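J.: generate coordinates for the sequence data below:
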Amino acid sequence: MKHMKTKMLFLELMFFTAFLFGQSTSQKYPDLIRIADSLYYLKDFKNSALTYSFAFKANDWKATSNEHYNAACSWALANNLDSAYYNLNYIARLMNYTNSGHLKSDPDLTSLHFDVRWESLIETVQANKKKVFPNLELIPVNGFNIEVLIDGIDNNKKGKPVIVFENGRSTDFEYWLPIIQEVSKANTTLVYNRPRIGSSEDDNKLPTIDHIAVVLRQILHTKGLQPPYILVGHSWGAAYIRCFASFYPEEIGGLIFVDPHDFVKKSGGGRLPYQEIGLTENQIDSLFDTYEKWADESIAQWPKFVVEEMKAQREFSKSGFELINRNPLPDVPVHFIMAGGYPLNQETTTSLYDQEKMFRINNNIKMKSWIELINPLKYGKFFYCSSSGHIIQKDDPDIIISCIKLALHDYEKIMKEKNQPLKK
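T.: As a prediction, the model looks like this:
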């Protein structure tokens, strides 16, 4: 059934491509980009790459940096390294591309890592980054440099919350920047890259949630940024900020979990959604075995900084729940923001179940957990973004900005209740 679906979609795409020849250039371009994207998800990387090139030509070679980047991914996966490098060098040298962390972490580009041109490309991107972010600095922590960006330092006053951002697994901090630019107008903000990510050095330690909680606190103290802290964590980063709050609850002014990794231990754990959709225990065991095999193969192939964070996430399943439950959630503003948008072009990895239905079931289970956590809190809040994907920072940054401002407002009310006015 899966192969028939793939074949039919491919035929539809080819028919649609022929139809495009009768359109104007302005009509062709977005349609060709969509076809290139669809061919990528069908794993027809060569034709995806060629379609990107055809689209660029049809548009007088005008394209966004993201479209050039996607074309490079298709070329790399098609083992045409020259064309991949052409697109990446184009955005690095002519479009001032800055996200070296994403570049280094993207498994689509793994084939480029051993080419002599790779280091030069990374150097160019990192030089762009330094120009765009003049406040970027390397902070020594236990003898190793960590990449840190602080904005709004003039707002750093005793008793005024510092907003601290924690990235998702193996990701660079750049996707927070639109949010930081707004929030730092009134508050000091700090964002950083964990060891091995971006330009942060390898500290030779597994980035477990307890280790990173200590590293983050050292960074804050080194820069003279005193509590209270409002911590904002995305995805796997949510587990890190929950651990920080468990270790140092008296330093927390608020917690904002952005489409978080499920850090609540439940009986049956990750098996619950599969049971609810109707799979047998044997089918679930088989799926879990397949995932473990995939993870083992990925660990053998991916860059070290991705591998180490995957290992840390595995370690969390053994001891992480105990670490984050050392102390309950502090009674401060605690917000959960959940993404409800089912991923477009989702790859069908199994015919055992309806993937969108599984997505909804899994979301409902997590939603129940998050609401149970905030129910005892005076300022607990839950936000559901029906059309946003997992990277809410990109799809709906305003909801995160609004949550931070609301948490600040509620924190001020808490201080007034305690007769401790917040300093302006």
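J.: where's the residue nearest to His113 when sequence neighbours are not counted relative to Ile35, distance?
T.: Excluding its sequence neighbours, the residue lying closest to His113 (C-beta to C-beta, 6 or more residues apart in numbering) is Pro303, at 7.1 Å. Any C-beta I mention is one placed from the backbone N, CA and C, and that applies to glycine too. Pro303 sits 31 Å away from Ile35, taking C-beta to C-beta, to the nearest Å as the criterion.
J.: ok, the two, which is more surrounded?
T.: Comparing Pro303 with Ile35 by other C-beta atoms under 10 Å, the one with more neighbours is Ile35, at 22 against 16.
J.: the more buried one contacts Thr51, correct?
T.: Yes - the pair Ile35 / Thr51 is scored as a contact, 5.3 Å apart, by C-beta atoms under 8 Å.
J.: report pLDDT for Lys28.
T.: pLDDT for Lys28: 79.
J.: now Phe15
T.: On the pLDDT scale, Phe15 gets 47.
J.: quick one on the thing from earlier: the residue nearest to His113 contacts His102, correct?
T.: No - using C-beta under 8 Å, Pro303 is not in contact with His102; the gap is 11.9 Å.
J.: where does pLDDT dip in the protein?
T.: For the chain, the stretches with pLDDT under 70 are 1-27, 266-269, 344-351, 420-424.
J.: what residue lies at the spatial centre of this protein?
T.: For the chain, the residue sitting closest to the mean C-alpha position, by C-alpha atoms, centre = their mean, is Gly168 at 4.2 Å.
J.: residue ranges of the helices in the stretch 51-200 of the chain, please?
T.: 65-77, 81-93, 100-105, 118-132, 177-183 (DSSP state H, counting those that start in this stretch).
J.: now do the buried residues in the first one.
T.: For helix 65-77, burial by neighbour count (16 or more other C-beta atoms under 10 Å) applies to 65, 67-77.
J.: with the longest one instead?
T.: When burial is assessed from 16+ other C-beta under 10 Å, helix 118-132 yields the following buried residues: 118, 121-122, 124-126, 128-129.
J.: ok, stretch 82-90 next?
T.: 83-85, 87-90.
J.: repeat that for stretch 244-255.
T.: Buried, per 16+ other C-beta under 10 Å, within stretch 244-255: 244-248, 251-255.
J.: contact partners for the residue nearest to His113?
T.: 104-105, 110, 113 (C-beta atoms under 8 Å, 6 or more residues apart in numbering).
J.: filter the residues you listed down to the buried ones.
T.: Looks like these have 104-105 buried, using 16+ other C-beta under 10 Å.
J.: the contacts of Pro303: which two are farthest apart?
T.: Greatest spatial distance among these (C-beta to C-beta): Ser105 and His113, at 11.1 Å.
J.: what's the closest non-adjacent residue to Phe321?
T.: Nearest to Phe321 is Lys265, by C-beta to C-beta, 6+ apart, at 3.9 Å.
J.: surely that neighbour is in a helix?
T.: No - counting by DSSP: H, G, I helix; E, B strand; the rest coil, Lys265 is located in no helix; its state is coil.
J.: for it, the count of nearby residues, please.
T.: 13.
J.: check contacts around the closest residue to Leu408 other than its chain neighbours.
T.: Here the nearest residue to Leu408 in space, its sequence neighbours aside, is Pro161; by C-beta to C-beta, 6+ apart that works out to 6.3 Å. Contacts for Pro161 (C-beta under 8 Å, 6+ apart) come out as 187, 228-230, 253-254, 408, 411.
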